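Participant: need a 3D model of the following:
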Amino acid sequence: MRNKLGILFMTFGLLLIAGAAGLFLYNQNVQRQAADAVEVLLPKMQSIIAQRAQEQPEQRPWEEPDPRPAEMTAEEIDGHFYIGYVSMPALGLELPVMAQGSDSQLRLAPCRQYGSAKSGDLVIAGLNYKTHFGTLHMLRENDTVTFTDMDGAVTSYLVKSVLSVDAADTDYLENSGWQLVLYTCTYGNGQQIAACCVAAE
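Facilitator: Predicted coordinates for the structure are as follows:
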């Protein structure tokens, strides 16, 4: 009887190990696919931004520049709409940002959850892949973050705080008063890591 129980427990343990290994390999494959997608997408996006910049009429010295509307330009690339890309030199990351988010879209790239770089209240969500927002916790005060929109306008920010926020507290993220918030979930404890930024002067 003891031998049978021992074999049963051993078999169950091996199944758990195999399941964990399979899940790990699956997650690694998903993250690799996400990184590959960014490598293909980002040059396309940068090319579109450069072309749009060339097509814009030259500003005459005596003309007042038009105020930028709060709504950012969204451009369709490979079947999805993007508003620009975010750069975090301290983390070695440069990532496209989708105009809107869903679970499937987040697997491809970070997504705007709320606001605009032009109105100073942009909130961007990303998955905790290492190639996406998985290393946000490594940002430090006064690290630089830039957001380049599809019209070529670049907004520079400084990280001022990296917080742990309850996953259910979406109201805080959208009404925090920060000019840029980047956030991602953590594994299993119902918390989110949020990098809160102000516009650089």
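Participant: isn't G115 right up against I124?
Facilitator: No: G115 is beyond contact range of I124, at 9.1 Å (criterion: CB atoms under 8 Å). For glycine as for every other residue, the C-beta is placed from the backbone atoms N, C-alpha and C.
Participant: can you pick out the residue with more neighbours from the two?
Facilitator: It is I124, of G115 and I124, that has more neighbours when counted by other CB atoms under 10 Å, with 27 against 21.
Participant: the more buried one reaches Q179, doesn't it?
Facilitator: No: I124 is not in contact with Q179 according to CB under 8 Å; the separation is 12.0 Å.
Participant: ok, which stretches of this structure are helices?
Facilitator: 2-55, 103-106, 170-174 (DSSP state H).
Participant: mean pLDDT lowest for which of those?
Facilitator: The minimum mean pLDDT among the helices of the chain belongs to helix 2-55 (a mean of 66).
Participant: contacts only, for K44.
Facilitator: Shown in contact with K44 (CB atoms under 8 Å, 6 or more residues apart in numbering): I77, D78.
Participant: what about it, distance to S176?
Facilitator: Noted for K44: a distance of 32 Å to S176, by CB to CB, to the nearest Å.
Participant: is it true that L180 touches L122?
Facilitator: Yes: contact status for L180 versus L122: in contact at 5.1 Å, counting by CB under 8 Å.
Participant: buried ones in the longest strand belonging to the chain?
Facilitator: Counting residues, the longest strand found in the chain (DSSP state E) is strand 154-166. Residues T155, Y157, L158, V159, V162, L163, V165 are the ones in strand 154-166 that count as buried (16 or more other CB atoms under 10 Å).
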